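Sequence and predicted structure, then a few things I'm wondering about:
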Amino acid sequence: IWQRTPDIYGLGFTVLMAALAPVIGQSAFLVHFTYQLVALAAVGAMLWLLWRRTRNPVVLAFVGLDPLLSVSVVNGGHPDALVALGVLAGLLLAIERRPVTAGVAFAFAASVNFTALVAAVVLCVWAYRRWSRSEVAKFAAIVGGFGALPYLLMSGWLQNAHVHSGLISRQSIWSAIGSFVGNADLL
């Protein structure tokens, strides 16, 4: 049923789910459960990176006990947890002035969802003042070649992303804000 449907996520996520498809089979339960496990693993990896970097239990509690993270991201099985993992890893590597591995992390994030490219551009601006031009060029080439370029080979992703941009999850903060504003007749 989904074979001719354009994917709103990137090639990295599609390859990951295709690799897991033989295990999942036709079960809707296993699909959702697998998405939840992938999101949980990504959140666990983020918490490990944060612990490794800070050794601060308050940081872990602040991120790990966030109810939106557990209810919306993990329970919802959102692939955006993989994007967050790639961006966090890339930022930590960039702080350590490791442009090649930071580029690989951002390319991974962008391969899941192209919105990570916005964060990569912001990091390039930040790095331009702190790194050499060759380091910035290496980072940009890796992110561009492995993160952005594959989207040119995928058909329909831009149109599908545009259609889905109007959809807002019930768990989204924007739903609550929209409800509040709508009920208060503030506009």
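Now that the structure is in, tell me what you want to look at.

so Leu50 makes contact with Ala61?
No - using C-beta atoms under 8 Å, Leu50 is not in contact with Ala61; the gap is 10.5 Å. C-beta here means a position set from N, CA and C on the backbone, and glycine is covered the same way.

Which one's more surrounded, the two?
Leu50 (18 against 11; other C-beta atoms under 10 Å).

That one is in what secondary structure piece?
helix 28-54 (DSSP states H and E).

what sits up against the very next helix or strand once past that helix?
Moving toward the C-terminus from helix 28-54, the next helix or strand (DSSP H and E) is helix 57-64. Residues outside helix 57-64 that contact it (C-beta atoms under 8 Å, 6 or more residues apart in numbering): Val43, Met46, Leu47, Leu50, Trp51, Leu69.

Now do the next helix or strand after helix 57-64: which elements does it pack against?
Where DSSP H and E defines the elements, the next helix or strand beyond helix 57-64 is helix 67-68. Helix 67-68 is packed against no helix or strand, with contacts defined by 3 or more C-beta pairs under 8 Å, 6 or more residues apart in numbering; DSSP states H and E.

Let me see the mean pLDDT of whichever helix or strand comes after helix 67-68.
Counting by DSSP H and E, the element after helix 67-68 in chain order, helix or strand, is helix 75-76. Taken as a whole, helix 75-76 has an average pLDDT of 92.

And for stretch 25-38?
For stretch 25-38, the per-residue pLDDT averages 93.

What residues does the residue nearest the centre of the chain make contact with?
Compute the mean C-alpha point of the chain, and by C-alpha atoms, centre = their mean the closest residue is Val83, 1.6 Å away. Applying C-beta under 8 Å, 6+ apart, we find Val83 in contact with Ala109, Val112, Asn113, Thr115, Ala116.

Does it lie in a helix or a strand, and which?
Counting by DSSP H and E, Val83 is found in helix 80-95.

coming back round to it: buried members of the contacts of helix 57-64 into ChimeraX, please.
A single ChimeraX command suffices to select whichever of these are buried according to 16 or more other C-beta atoms under 10 Å:
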select :43,46,47,50,69
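
Just put the contacts of helix 57-64 in TSV and tack on pLDDT and distance to Gly147.
Output for the contacts of helix 57-64, formatted as TSV (pLDDT from 0 to 100; distance: C-beta to C-beta, whole Å):
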residue	pLDDT	distance to Gly147
Val43	97	22
Met46	98	19
Leu47	98	24
Leu50	97	23
Trp51	97	27
Leu69	91	24
